[in-house]
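Engineer: missing the sequence, but the structure's below:
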């Protein structure tokens, strides 16, 4: 069976999200006994998702996919750190998966916390939380340094997307393995935002025009 191309994988995710938004999910067939037995021998996920840990954004549900369909990595703020890059490299090389999606979402708490820290620094923050804030900080710092007069809602919206773009760019240019797969094997790294109120996922970064 031919491997799923990045474009085919993108279309499958888009179709699944449309089903989710319309309330027409295929829930009955996503985790059948037959599927479990089939997957015991191995997996071939058609997309890799680097998403936020937020409990409201489970990738398999919002894309209406089942067991074995997605290789999902979740971390607060959909940040990129070495272990996460390694997980993506592993899946892309081992399973031939050709689509990587950095999936952020509206009103991301990690992004909001970073904005709050930049505007009103606090003391005695956990160093582990700092590790997350410090990876989000560069992408949103630039917004605060512009002369634009942002409303609070606009600032969060643009900061969320800036953080998604930064993570996607890091994956495209921060891993020799992924760079080679992009150049030679048709790997795509795209950025997307899930909207909590509508359930829709908008693919806005790294997607060729017309797709």
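Structural biologist: That came through, no problem. Predicted model, so just to flag it, every value in this text is computed and none were measured.

Engineer: where do the helices sit along this structure?
Structural biologist: Assigned by DSSP state H, the helices in the chain fall at 6-22, 33-39, 59-62, 82-95, 109-119, 127-144, 152-173, 176-184.

Engineer: quick one, the last one and helix 6-22 angle?
Structural biologist: Counting by axes from the mean of the first three to the mean of the last three CA atoms, to 10 degrees, helix 176-184 points 100 degrees away from the direction of helix 6-22.

Engineer: how about helix 176-184: buried residues?
Structural biologist: Using 16 or more other CB atoms under 10 Å as the test for burial, helix 176-184 gives 178, 181, 182. For glycine as for every other residue, the C-beta is placed from the backbone atoms N, C-alpha and C.

Engineer: before we move on, the earlier item: residue 206 is nearest to which of the helices of the chain?
Structural biologist: helix 152-173 (5.8 Å; CB to CB).

Engineer: now for the closest one, which elements pack on it?
Structural biologist: With contacts taken as 3 or more CB pairs under 8 Å, 6 or more residues apart in numbering; DSSP states H and E, helix 152-173 sits against helix 82-95, strand 99-105, helix 109-119, helix 127-144, helix 176-184, strand 188-194, strand 201-205.

Engineer: to residue 19, which of the ones you listed lies closest?
Structural biologist: Minimum separation from residue 19 across the helices and strands packed on helix 152-173 (CB to CB) falls at strand 201-205, 11.9 Å.

Engineer: paired strands for that closest one, with orientation please.
Structural biologist: Partners of strand 201-205 in the sheet, by DSSP bridges, are strand 188-194 (antiparallel).

Engineer: let me have the helices of the chain in JSON lines, adding distance to residue 74 and mean pLDDT as columns.
Structural biologist: Formatted as JSON lines, the helices of the chain follow (distance: least, CB to CB, whole Å; pLDDT from 0 to 100):
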{"stretch": "helix 6-22", "distance to residue 74": "16", "mean pLDDT": "97"}
{"stretch": "helix 33-39", "distance to residue 74": "20", "mean pLDDT": "81"}
{"stretch": "helix 59-62", "distance to residue 74": "8", "mean pLDDT": "96"}
{"stretch": "helix 82-95", "distance to residue 74": "10", "mean pLDDT": "97"}
{"stretch": "helix 109-119", "distance to residue 74": "12", "mean pLDDT": "91"}
{"stretch": "helix 127-144", "distance to residue 74": "13", "mean pLDDT": "89"}
{"stretch": "helix 152-173", "distance to residue 74": "13", "mean pLDDT": "96"}
{"stretch": "helix 176-184", "distance to residue 74": "19", "mean pLDDT": "98"}
